[in-house]
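In: I would like to see how this sequence folds:
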Amino acid sequence: MDNKPAAKDQARSTSNEAAAEKQRDIQREQDRKEPRESGGKESGPPQTSAQKYPSDFPSQHLTKPGQEVDMELKPRFMAPDYRGSDKLKDKVALITGGDSGIGRAVAVLYAREGADVAIVYLASHDDAQETKRCIEQEGRRCLLIAGDLKDPKFCEEAVAKTVAEFRKLDILVNNAAFQEHAHSLADITDERILETFTTNIMGYMRMARAALPHLKEGSSIINTGSVTGLKGSKNLLDYSATKGAIHAFTMSLASSVLEKGIRVNAVAPGPVWTPLNPADQSSQEIVEFGKQTDFKRAAQPEELSPAYVFLAAPACSSYITGIVLPVTGSVGN
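Out: This next block holds a predicted model:
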């Protein structure tokens, strides 16, 4: 009887067991390296800055359009660690939705970098006055312009007033937005679709159309997109669609005006603590705002505003146009 097959099987079995034991050795070694259990408590948000930002938000629901002055936890927008260096010296910027949130934070840093700023806003007069005070505190001038971006004539008037006041226009920041959640497409009426699209994408296009005759070589347009325009959002169907349109508009307009020396870019924020969100989400939902990101918290406006400086300043981004810059608090998007 030939014992060779049995011997081969035995050798193979021994070899297999040795391979399995080697894998178990690797597993045991990794087990020893694993972090010790912390009693079931999750670790807190990662800290990447000297500023310690909040991850918990009050249970508060604001009436639209939402005012920063009414928020129980005020957004941080002054960027105390940011030092200006004349990147925008003597330039003129027009910022829609500049009364609060990201727009206010951008306005403050533009002023710190040497720009005069015109602020377009809907109806939050107290917020607008506070933004103006902060801009003037930086030693620059501020013009407040109240009106509705759904009105094409107002868009033209806002640009005209800015140029009349400051004699030129160098930077347009399209930032104003309307957002309202819905749990089903069936809940979104034609009226709401029109409000969202006319404010968000049509307002951006009309402002850019009005601004372009005044922009020149070295000027820039910056649009506020959104992570929802990159990934979608099941509860922000119409809003996400407008943000995707804004991203496409950014790239298309960048190609259209590059020969004139004008750059067009967008910033796509993730969750940011601004009046827009407690004016959209319920008081029960808002306490979890931003915790799904890798940072386990929403951003503060001052964490977004340097990106707008970067894209506006030729000294920083003269070779960049047509991009959508994600600042989302998550890896890879």
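In: Quick check, central residue of this structure?
Out: residue 269 (2.1 Å; CA atoms, centre = their mean).
In: thought that residue was touching residue 223?
Out: No. Proximity of residue 269 to residue 223 does not meet the contact threshold set by CB atoms under 8 Å, at 11.6 Å. (Glycine included, C-beta is placed from N, CA and C.)
In: what's the following helix or strand after the host helix or strand of residue 25?
Out: Assigned by DSSP states H and E, residue 25 belongs to helix 4-33. Using DSSP H and E, the helix or strand that follows helix 4-33 in sequence is strand 92-96.
In: can you pull out the helices in the stretch 201-333 of the chain?
Out: Counting by DSSP state H, counting those that start in this stretch, residue ranges of the helices within the stretch 201-333 of the chain are 203-211, 227-231, 237-257, 305-312, 314-317.
In: and the direction of the fourth one versus that of strand 92-96, what angle?
Out: To tie it back to what came earlier, the one meant is helix 305-312. Inter-element angle recorded for helix 305-312 and strand 92-96: 130 degrees (by axes from the mean of the first three to the mean of the last three CA atoms, to 10 degrees).
In: How much space separates the residue nearest to residue 253 when sequence neighbours are not counted from residue 103?
Out: Nearest residue to residue 253, sequence neighbours excluded (CB to CB, 6 or more residues apart in numbering): residue 264, at 4.7 Å. Distance, residue 264 to residue 103, by CB to CB, to the nearest Å: 18 Å.
In: neighbour count winner among these two?
Out: residue 103 (30 against 27; other CB atoms under 10 Å).
In: What residues does the more buried one make contact with?
Out: 95, 96, 97, 119, 131, 173, 175, 176 (CB atoms under 8 Å, 6 or more residues apart in numbering).
In: cool, and residue 80?
Out: residue 51.
In: if you set the cut-off to 10 Å instead, what comes out?
Out: Counting by CB atoms under 10 Å, 6 or more residues apart in numbering, residue 80 makes contact with 50, 51, 302.
In: circling back: wait, isn't the residue nearest to the centre of the chain in contact with residue 106?
Out: No. In this structure, residue 269 is not within contact of residue 106 by CB atoms under 10 Å, at 11.3 Å.
In: Spell out which residues are contacts of both of those two.
Out: What both residue 269 and residue 106 touch, as defined by CB under 10 Å, 6+ apart, is the set 224, 301, 304, 307.
In: Tabulate those (JSON lines), appending distance to residue 10.
Out: Listed next are the shared contacts of residue 269 and residue 106 as JSON lines, based on distance: CB to CB, whole Å:
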{"residue": "224", "distance to residue 10": "69"}
{"residue": "301", "distance to residue 10": "70"}
{"residue": "304", "distance to residue 10": "66"}
{"residue": "307", "distance to residue 10": "65"}
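In: so which of the residues you listed is the most crowded?
Out: residue 224 leads the shared contacts of residue 269 and residue 106 on contacts (other CB under 10 Å) with 28 neighbours.
In: If that residue is in a bridge, with which residues?
Out: On the basis of DSSP bridges, residue 224 is bridged to residue 267.
In: so what's the residue nearest to residue 253 scoring on pLDDT?
Out: Here the pLDDT value assigned to residue 264 is 98.
In: got any ranges where the stretch 201-333 of the chain has weak pLDDT?
Out: For the stretch 201-333 of the chain, applying pLDDT under 70 flags the ranges 276-277, 280-284, 290.
In: next one: stretch 217-230 to chain centre, how far?
Out: Stretch 217-230 has its C-alpha centroid displaced from the chain centroid by 10 Å (CA atoms, centre = their mean, to the nearest Å).
In: buried sites along that stretch?
Out: Buried positions in stretch 217-230, judged by neighbour count with 16 or more other CB atoms under 10 Å: 219, 220, 221, 222, 223, 224, 225, 226, 227, 228, 229, 230.
In: Repeat that for stretch 323-333.
Out: Neighbour count says stretch 323-333 has 323, 324, 325, 326, 327, 328, 329 buried, by 16+ other CB under 10 Å.
In: same question, stretch 73-88
Out: Those would be 75, 76, 77, 78, 79, 82, 84, 87, 88, for stretch 73-88 by 16+ other CB under 10 Å.
In: Now do the phi/psi pair for the fifth one.
Out: I take that to be residue 79. phi 50, psi 70 (degrees, to the nearest 10).
In: If I follow the layout properly, residue 81 ends up in contact with residue 112?
Out: No. In this structure, residue 81 is not within contact of residue 112 by CB under 10 Å, at 11.7 Å.
In: Of the contacts of residue 80, which is the most crowded?
Out: The residue in these with the most neighbours, by other CB under 10 Å, is residue 302 (24 neighbours).
In: Quick check: closest non-adjacent residue to that one.
Out: Residue 302 sits nearest to residue 79 (CB to CB, 6+ apart), 4.0 Å away.
In: OK, contacts around the closest residue to residue 244 other than its chain neighbours?
Out: Using CB to CB, 6+ apart and skipping residues adjacent in sequence, the residue nearest residue 244 is residue 229, 4.2 Å away. Residues in contact with residue 229, defined by CB under 10 Å, 6+ apart, are 236, 239-248, 266, 268, 324, 326.
In: now do residue 200
Out: 149, 174, 176-179, 223-226, 238-239, 241-243, 245-246.
In: which residues are in contact with both of residue 269 and residue 223?
Out: With CB under 10 Å, 6+ apart as the test, residue 269 and residue 223 both reach residue 243.
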